[in-house]
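> here is my input; please provide its structure:
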Amino acid sequence: MFKTTLTKHFRLPLLQSFILLFSILYIWSNTAFAVDFIALEHEFSGKGSTQGAFGKTIHLAFQKDIYVSDTENRLIQKLSPTGEFISQFPANPETPTNIFNKPGHIAVDAIGNIYVCDLTTHHIANTSEPKVYIFAPCVYKLSPTGELLHTYFVDPVDEKPWVAIPAKPMIDGDGKMALGVQPTGYDRQLRVAVNAEFQLYVLDSKRGRIHKFDTDGKKVLTFGRYGAGGGEFDKDASDIAIDARGNVFVADTGNHRVVKFDSNGKFVLSFGRKGRNVGEFIKPIALTTLPTGEVLVKDSSIFRRKIGGLPEVIALSPTLTQLTESTPNQAELAETINNATRPQYGPFAHNPIAPVDITSLNRRLRLLEEAEYRRYFDDSYSDDEDDKELADELKRADIRLTLLHNVISRVQKFDNNGRYNGRIIYETDQLSEEKHDQTFLALDSSGYLYLRDTSDFTIAKYSITGFTIKPSHMNGFYSTRVANLSNNYLEDYEDIDFSTDVQDKLNQLELKNLFGWSYSLSERWHLTILDELTYAEQDERYITPAKEEDSFDFETQALENAFAANLKFITNPNPYRYKELNFSVGRVDGTTDLTQDALFQEQNKQRRIDTGDASSTVLELNWDIWSRTNLWLRYANLNPAETSRNFIRRFYDVSGDLYEVFGSRNEAQQFLGEFTIKF
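Just a heads-up that it's a prediction; the model follows:
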């Protein structure tokens with residue numbers, strides 16, 4: 001089917017250039033940006049109540065082995081580094097002697113003692129008939145085998161109230177009538193960390209305090225306060241960690257930073273601010289210190305990669321617009337190539353469709369995304385059945401409209417003085433039925449990352465690798481289309497009988513292959529490549545029985561490859577100061593052979609041979625210099641500029657001799673620039 005004359009004119013797209021560009025980006029990303037990826041080590045756990053399975057709310061601690069506090073099941077389990085069950089405390093959580101009510105945050109010291117936050121009732125000394133108990137948050141210290149060694153309180157629990165306060169009747173452990181006092185914040189969450197000297201630090205963020213206890217359980221120091229200044233943190237501070245030198249680091253969630261104290265509670269420094277740039281945070285939620293002195297910080301910032309669905313037409317230009325989330329100028333880039341190099345009529349003409357409103361589509365996708373986000377993350381979002389049904393329908397619609405939808409999260413690395421050292425990024429595929437609901441769980445002091453599936457409660461352990469190109473990081477699609485059209489026309493001209501004066505048989509074939517590929521180099525660098533290969537042919541036999549010498553055979557074959565690539569860098573991901581830089585390349589190479597021969601060669605050897613080619617390149621830069629200022633530059637080498645092909649036509653007379661050659665060559669170079677300021 002393919003002719004030699006087709007392939008000899010056909011040139012490959014700029015693939016080699018992009019391989020070189022990608023290699024440069026590889027080196028650049030591996031050095032300048034210090035981006036690391038994650039690699040799956042193994043999976044373990046699942047939904048259950050014992051023997052390595054857990055309930056919905058768990059907390060992890062690490063000291064060679066993995067320790068897990070399970071809030072719903074009221075127990076602590078010890079697992080091997082690979083997740084195999086070792087033991088649990090208590091052996092039977094249903095026993096009346098189980099001291100756990102709502103075990104929460106957990107820490108383990110160097111010899112295996114366990115510190116777990118919980119809620120308990122404490123008998124106020126010197127109260128009887130009835131006894132008075134006070135509800136209070138606490139920290140239990142357990143031996144490596146699970147025996148209770150000590151109970152730490154951050155609130156005064158042995159002082160009698162000096163004023164009348166409400167109390168609820170209750171039955172104590174002896175089966176006698178008693179009274180229970182529930183002060184404000186009695187069930188608040190605490191966070192714990194242990195230093196190398198086995199001293200316990202308790203973060204009581206709701207009170208704006210950190211309490212330090214010695215090995216005997218005596219409170220020796222209280223420091224910190226509510227606020228946003230030096231030595232202060234917000235009431236939703238979410239984690240605490242201690243390095244090898246005894247420095248204390250607090251994830252100051254509400255202030256979007258990390259606060260550092262020395263071992264004596266003296267404020268040292270804070271680092272980070274609100275934002276999505278490197279060294280910035282959106283609500284830091286977890287941190288850990290490494291033996292190297294580095295600090296890993298996980299925040300809540302997410303970077304979404306949503307790629308809209310392809311329109312029904314398989315022309316490259318609207319596809320490029322969808323896949324690169326282009327501005328209107330970038331859409332024109334692809335349209336310029338498309339219109340300048342494709343035939344405007346005949347079997348190879350581009351079939352127009354209704355214009356795709358890209359702005360409206362992207363806006364709709366964002367609304368769908370925000371609705372889903374509110375459903376899962378916004379406490380103020382109503383959660384009744386109607387809203388759930390609506391959210392599910394929006395999710396279904398979102399999936400139908402979306403080819404790829406990845407959420408990229410990151411963990412940033414800092415030295416001991418808060419200087420940014422790099423970051424670790426990982427992707428969650430929102431269209432994966434198995435993996436779409438993986439959420440962050442924990443970091444350990446060896447730098448391993450733990451994610452948890454919120455559906456089946458499976459835990460996945462990931463190691464940190466350097467910048468690598470892996471299939472798991474890639475997203476792509478392939479689309480193929482076959483179109484065949486056959487027509488047979490019989491015509492009888494103006495005479496008194498019905499007979500065939502003209503018979504026209506026409507067959508048209510089109511084969512199209514579209515390949516798309518995208519790769520997130522980091523949470524802010526994104527590469528998209530598209531390649532569309534089209535083969536088309538037409539065969540027409542025009543027969544005139546009355547005058548056979550006028551019959552002819554018309555054959556056309558065409559091959560075209562359209563290549564487009566977009567490299568996007570989000571220079572500022574802050575939605576209110578959003579800026580991005582786009583560099584796009586488009587290339588079209590095409591060739592067409594057309595032959596028209598007299599059908600009955602013994603009567604007429606007249607024929608025509610056309611050979612045509614096209615090769616066009618467009619380069620475009622779209623740069624938000626400032627958040628309200630945009631620079632757009634385009635260079636285009638359009639060859640041809642006004643037709644679908646540059647043709648050379650050869651005409652042969654009835655004897656088969658060449659008598660005329662006609663050449664058509666047209667080429668244009670364009671440079672366009674546009675500078676926009678938004679007020």
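
> pretty sure Lys579 is touching Arg524, no?
No - when contacts are counted by CB atoms under 8 Å, Lys579 is not listed as touching Arg524 (10.7 Å). Heads up, the C-betas are built off the backbone N, CA and C, glycines and all.

> pLDDT weak spots in the stretch 301-450 of the chain?
For the stretch 301-450 of the chain, residues meeting the criterion pLDDT under 70 lie at 305-404.

> ignore what I typed, I meant the chain.
If you take pLDDT under 70 as the line, the chain has these spans: 1-33, 305-404, 467-473, 494-495.

> of Lys579 and Arg524, give the one with the bigger neighbour count.
In this view Lys579 and Arg524 are compared by other CB atoms under 10 Å, and Arg524 has more residues nearby, 23 against 18.

> surely the more buried one touches Phe569?
Yes - taking CB under 8 Å as the definition, Arg524 is a contact partner of Phe569 at 6.1 Å.

> one step back: okay, and the common contacts of Lys579 and Arg524?
Residues touching both Lys579 and Arg524 (CB atoms under 8 Å, 6 or more residues apart in numbering): Ile570, Thr571.

> ok, Lys274 - contacts?
With contact set as CB under 8 Å, 6+ apart, Lys274 has these partners: His256, Glu280, Phe281, Ile282.

> mind listing the residues bridging to it?
Beta-bridge partners recorded for Lys274 (DSSP bridges): Phe281.

> from Lys283, how far off is it?
Taking CB to CB, to the nearest Å as the measure, Lys274 and Lys283 are separated by 9 Å.

> shared neighbours of these two, anything?
Shared between the contact lists of Lys274 and Lys283 (criterion: CB under 8 Å, 6+ apart) are residues His256.

> in contact with the residue nearest to Asp597 when sequence neighbours are not counted, which residues?
Closest residue to Asp597 in three dimensions, ignoring its sequence neighbours and counting by CB to CB, 6 or more residues apart in numbering: Arg607, at 4.5 Å. For Arg607, the contacting residues are Thr595, Gln596, Asp597, Ala598, Phe651, Tyr652, Gly656, taking CB under 8 Å, 6+ apart as the criterion.

> same deal with Ile648?
Asp610, Thr611, Gly612, Val661, Phe662, Gly663, Ser664.

> these: which two are farthest apart?
For those, the farthest-apart pair by CB to CB is Gly612 and Val661; their separation is 13.9 Å.

> tell me which of those two has more neighbours.
A side-by-side neighbour count of Gly612 and Val661, using other CB under 10 Å, places Gly612 first with 22 against 10.

> a helix runs through the more buried one, doesn't it?
No - Gly612 is assigned strand when assessed by DSSP: H, G, I helix; E, B strand; the rest coil, not a helix.

> what's across from it in the sheet?
Beta-bridge pairing of Gly612 under DSSP bridges involves Thr592, Phe647.

> mind checking how far it is from Phe662?
To Phe662, Gly612 is 12 Å away according to CB to CB.

> neighbour-wise, which of the contacts of Arg607 leads?
Neighbour counts for the contacts of Arg607 were taken using other CB under 10 Å; the highest belongs to Ala598, which has 20 neighbours.

> surely it meets Glu549?
Yes - the pair Ala598 and Glu549 qualifies as a contact (CB under 8 Å) at a distance of 7.1 Å.

> correct me, but Arg481 touches Lys512?
Yes - proximity of Arg481 to Lys512 meets the contact threshold set by CB under 8 Å, at 4.4 Å.

> more neighbours: these two, which one.
Regarding Arg481 and Lys512, a neighbour count based on other CB under 10 Å identifies Lys512 as having more, with 18 against 11.

> please enumerate the helices of the protein.
In the chain, the segments counted as helices under DSSP state H are 4-9, 15-31, 316-324, 328-341, 358-377, 385-401.

> export the contacts of Ile648 to JSON lines and tack on distance to Ile76?
Written out in JSON lines, the entries for the contacts of Ile648 read as follows (distance: CB to CB, whole Å):
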{"residue": "Asp610", "distance to Ile76": "81"}
{"residue": "Thr611", "distance to Ile76": "79"}
{"residue": "Gly612", "distance to Ile76": "76"}
{"residue": "Val661", "distance to Ile76": "89"}
{"residue": "Phe662", "distance to Ile76": "88"}
{"residue": "Gly663", "distance to Ile76": "85"}
{"residue": "Ser664", "distance to Ile76": "82"}
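
> give me phi/psi at the closest residue to Tyr659 other than its chain neighbours?
For Tyr659, the nearest residue in space outside its immediate sequence neighbours is Asp653; the separation is 5.0 Å by CB to CB, 6+ apart. Dihedral angles phi and psi of Asp653 (degrees, to the nearest 10) take the values phi -80, psi -170.

> now for Asp653, how many residues are close by?
Asp653 is flanked by 13 other residues according to other CB under 10 Å.

> quick one: residues contacting it.
Asp653 makes contact with Lys605, Gln606, Tyr659, according to CB under 8 Å, 6+ apart.

> now do Thr595
Counting by CB under 8 Å, 6+ apart, Thr595 has contacts Phe554, Glu555, Thr556, Arg607, Arg608, Ile609, Asp610.
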